[in-house]
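Student: Sharing a model prediction with you, sequence too.
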Amino acid sequence: MTRLRDLLTSRGNAFVAAGLVLLVGGLLLGFPDITRVGALLTVLPLLAALSARRSAGRVLVTRTVDPTRLVVDQSARVAVFLQNTSGRRSQPQLAQERLHPALGERPRFVLPSMEPDDIRVVDYQIRSRVRGRFQLGPLTLRRRDPYGLATVATSLPGSTDILFLPRTEVLGSQGSLADGFGTEGALPHMVALHGEDDVAVRSYRDGDDLRRIHWPATAHQSELMVRQEDRPARRRAVIVLDSRAAGHHGSGAAGSFEWAVTAAASVAAHLSEHRYAVQLLSAETLAEGTAAQVVEIDDALASLAMAQQGSSQQFDQVLHWAHPLTSTGALVVAIVTNHDEAALRSVAALLQPDGTGLLILLDSDSFAPDQAVAAPDPTVARAGMVAGAGWRTCVVRSGMTVAQAWAALCDGDAASFGAGR
């Protein structure tokens, strides 16, 4: 419960202090008029606080966000609906929305007096330069008495969660990489998720193509059965994200970890557009229990929006889960830092003879603005070690885009890519 002294303003506290002095002085000196004035000054702020509390009323708050799907650096409009649910007229109040600092300044506005069941709508803009989940609200209403002696603050229940997804870059379809991976059925060694047992069948009808007869079902049903729908095979892609805090450098959008998250999101979106069944391996998908599942692009982006840097043990678990997923052959895209050679050997072991591996190796030291790169730089040599295991490799340094790195992988002739330091 709010304490009385917290309801009084500076003017109200001054009134109480002056009233007590006059009240005590009047009693001690025997001046009734001064005593009455002191009593009035002392009681008036208390009455003002009670009056402000009673006139606050009850307000119901709901919010809508447009657009509902948000990406980093994208602005959105938040509409706040306020309804007077009390049975009496509310008084004007000052409203303030609680926001995460990343979304901007807290909006303030005056809520005019409302009749019962009246609705007022106010809106404000939000924008975030960082990905993640944020909370809008709760809303705080402040009501002050006409004399400015007391203020009542009421926190209204209800809040809205919004998710800012990571950036994605449009990846081109250049070169042999796009020819090999970009169209359905281009690579016979990619594993299909749906086989012959998944074909739906129905009874034969006049006019059906005889080539669609499903002979095993015909023999089982003792009547002609035809394929109702052939489900197209989908090739599988496994994306591995290295989130080791020890391997990443730089901070914010210019850091190597944010570059890696953007790369994972961009590659996932690109492969989904080309009808790949995408499996995302990261510390977050392990925690969510979705590491072994095929994820839709919206779920993949939502998981990457919450990605955080973690320990080396977490990345070891990611690699442990990745091995059975790649054992039957798949397109493997690994986004890894050059932190240590042992981890890169484990990554290289993910590639199977009938699979295809693409390694984006981050020279994370180049993302630290004040950190000099050691000479000689081992990054290119480590990339060559993974390339010797059959991977296409690309070394990325600070200042380069995901689209440029992808183009280098498509060309297939660049082992090192990026701006030297």
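Tutor: Great, that's in hand.

Student: How about Gly148, nearest residue that isn't a chain neighbour?
Tutor: Nearest in space to Gly148, with sequence neighbours left out and distances taken as C-beta to C-beta, 6 or more residues apart in numbering, is Arg11 at 5.3 Å. Where you see a C-beta, it was placed from the backbone N, CA and C, and this is true even at glycine.

Student: Quick check: the one you found touching Leu149?
Tutor: Yes - contact criterion C-beta atoms under 8 Å: Arg11 and Leu149 qualify, at 5.7 Å.

Student: Which neighbouring elements make contact with the helix or strand hosting Ala407?
Tutor: Assigned by DSSP states H and E, Ala407 belongs to helix 402-411. Other helices and strands packing on helix 402-411, by 3 or more C-beta pairs under 8 Å, 6 or more residues apart in numbering; DSSP states H and E, are helix 175-181, helix 256-273, strand 356-362, strand 392-396.

Student: What is the burial count for Val318?
Tutor: 23 (other C-beta atoms under 10 Å).

Student: contacting residues for it?
Tutor: With contact set as C-beta atoms under 8 Å, 6 or more residues apart in numbering, Val318 has these partners: Val240, Leu241, Asp242, Leu281, Ser282, Ala283, Leu286, Ala291.

Student: The first one sits in which helix or strand?
Tutor: When you say that, I think you mean Val240. Using DSSP H and E, Val240 sits in strand 236-241.

Student: so what secondary structure elements neighbour that strand?
Tutor: helix 256-273, strand 277-281, helix 312-326, strand 331-337.

Student: Please name the strands paired to the last one in the sheet, noting orientation.
Tutor: Put plainly, it is strand 331-337. The strands beside strand 331-337 in its sheet (DSSP bridges) come out as strand 236-241 (parallel), strand 356-362 (parallel).

Student: again, but for the second one
Tutor: Sheet neighbours of strand 277-281, with direction, are listed as strand 236-241 (parallel) (DSSP bridges).

Student: quick one: average confidence on the strand it pairs with?
Tutor: The pLDDT scores in strand 236-241 average 95.

Student: Tell me which residues are up against that strand.
Tutor: Contacts of strand 236-241 (C-beta under 8 Å, 6+ apart): 190-191, 193, 260-261, 264, 267-268, 271, 276-282, 294, 304, 307, 318-319, 322, 325-326, 330-336, 347, 350.

Student: okay, that strand in CSV with CA atoms only?
Tutor: Output of strand 236-241 as CSV, limited to C-alpha atoms (Å, rounded to 0.1, in the frame of the first residue of the first chain):
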residue,chain,number,x,y,z
ARG,A,236,17.8,-30.8,-46.0
ALA,A,237,20.2,-28.1,-44.6
VAL,A,238,21.8,-27.9,-41.2
ILE,A,239,22.9,-24.5,-40.0
VAL,A,240,25.4,-24.5,-37.1
LEU,A,241,25.9,-21.3,-35.2
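
Student: spatially speaking, which residue is in the middle of the chain?
Tutor: Ala305 (2.9 Å; C-alpha atoms, centre = their mean).

Student: ok, it touching Phe134?
Tutor: No - look at Ala305 against Phe134 with C-beta under 8 Å: they stay out of range, at 10.5 Å.

Student: any residues in contact with both of those two?
Tutor: The contact sets of Ala305 and Phe134 overlap at Leu163, Phe164 (C-beta under 8 Å, 6+ apart).

Student: Please name the nearest non-neighbouring residue to Glu284.
Tutor: Ser303 (4.9 Å).

Student: Can you point out the buried residues in the helix or strand where that neighbour lies?
Tutor: Ser303 is part of helix 297-305, with elements assigned from DSSP H and E. Within helix 297-305, the residues scored as buried using 16 or more other C-beta atoms under 10 Å are Ile297, Asp299, Ala300, Leu301, Ala302, Ser303, Leu304, Ala305.

Student: Go ahead and name everything in contact with it.
Tutor: Here helix 297-305 makes contact (C-beta under 8 Å, 6+ apart) with 131-133, 163-166, 168, 241, 261, 264-265, 268-269, 272, 278, 280, 282, 284-285, 288, 290, 295.

Student: Same question for stretch 209-226.
Tutor: Here stretch 209-226 has contacts from Val199, Val201, Arg202, Ser203, Tyr204, Arg205, Asp208, Arg227, using C-beta under 8 Å, 6+ apart.

Student: got a markdown table for the residues you listed, with neighbour count and secondary structure too?
Tutor: Putting these into a markdown table (neighbours: other C-beta atoms under 10 Å; DSSP: H, G, I helix; E, B strand; the rest coil) gives the following:
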| residue | neighbour count | secondary structure |
| --- | --- | --- |
| Val199 | 16 | coil |
| Val201 | 18 | strand |
| Arg202 | 13 | strand |
| Ser203 | 13 | strand |
| Tyr204 | 16 | coil |
| Arg205 | 8 | coil |
| Asp208 | 15 | coil |
| Arg227 | 18 | strand |
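
Student: Surely Asp363 and Val395 touch.
Tutor: Yes - here Asp363 reaches Val395: they are 5.8 Å apart, a contact under C-beta under 8 Å.

Student: more neighbours, those two?
Tutor: The neighbour count for Asp363 versus Val395, taken as other C-beta under 10 Å, is higher for Asp363 (28 against 25).
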